[in-house]
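Undergrad: sequence-free structure coming up:
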C-alpha cells in the first residue's frame, strides 16, 4: 500500500511539472512572437511544430495563446522566470533553445527577440550558452531534419 501511495505522489509530481513546462513554454513562445511587434507565418509554423514535438494539445495551446493577449507582458515575463526557476536545468535549456529556433525561423533573430532571450538565459537563469546551442541543434533536427544553429541578430537601422 505504501509503495502505491509513493507511486501516485511521484506521478502527480511529474504531471504537475509537465503542466508547468507546457504553460511556461507556451507563455514564452507568446512573448517571443510578439517581442518585435510583428508575428510572421514562420514563427506560427514553428510554434505548431514545437507544440507537436513537446506533446502539447493543439486546442489547449491555441486557447492559452488567446488568453495571454489579456495579460500584461511584463507580468507574464516575471511569471515565466519564476516558473523557469522551478524547472530542472535541462528543461530550462530546452525552453530557451526552442525560443532560439523560433526566433531564427525567418533567417535571423530580431534585436528585441535577442534581448528577451538573453535576459532570460543569461541575466536571470545563468544558463550555459553551449548547452543551449547543443539543444537548439537537436531541436532543429526534429523540426527541419537537419542540424544547424545560429544566434545572428538583425539590428534595424
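TA: Great, that's in hand. Please read these numbers as outputs of a predicted model, since none were measured by experiment.

Undergrad: where along the protein do the strands fall?
TA: For the chain, applying DSSP state E gives strands covering 109-110, 153-154.

Undergrad: Lowest average pLDDT across the ones you listed?
TA: Mean pLDDT is lowest for strand 153-154 out of the strands of the chain, coming in at a mean of 46.

Undergrad: remind me which residues of this protein are low pLDDT?
TA: For the chain, the stretches with pLDDT under 70 are 1-19, 146-157.

Undergrad: Which residue ranges of it form helices?
TA: 2-33, 41-53, 58-68, 73-86, 89-103, 111-118, 129-144 (DSSP state H).

Undergrad: what's the neighbour count on residue 21?
TA: Using other C-beta atoms under 10 Å, residue 21 has 21 neighbouring residues. C-beta here means a position set from N, CA and C on the backbone, and glycine is covered the same way.

Undergrad: before we move on, what about residue 40?
TA: 12.

Undergrad: ok, now how distant is it from residue 50?
TA: With distances taken as C-beta to C-beta, to the nearest Å, residue 40 is found 15 Å from residue 50.

Undergrad: Most tightly packed of the helices of the chain?
TA: Burial of those is given as mean neighbour count (mean count of other C-beta atoms under 10 Å); helix 89-103 ranks first at a mean of 22.

Undergrad: what's the offset of stretch 94-109 from the middle of its chain?
TA: A distance of 9 Å separates the C-alpha centroid of stretch 94-109 from that of its chain, computed with C-alpha atoms, centre = their mean, to the nearest Å.

Undergrad: List the residues that contact the closest residue to residue 125 other than its chain neighbours.
TA: Take residue 125 and drop its neighbours on the chain: the residue closest to it by C-beta to C-beta, 6 or more residues apart in numbering is residue 92, 5.7 Å away. Applying C-beta atoms under 8 Å, 6 or more residues apart in numbering, we find residue 92 in contact with 84, 121, 125, 127.
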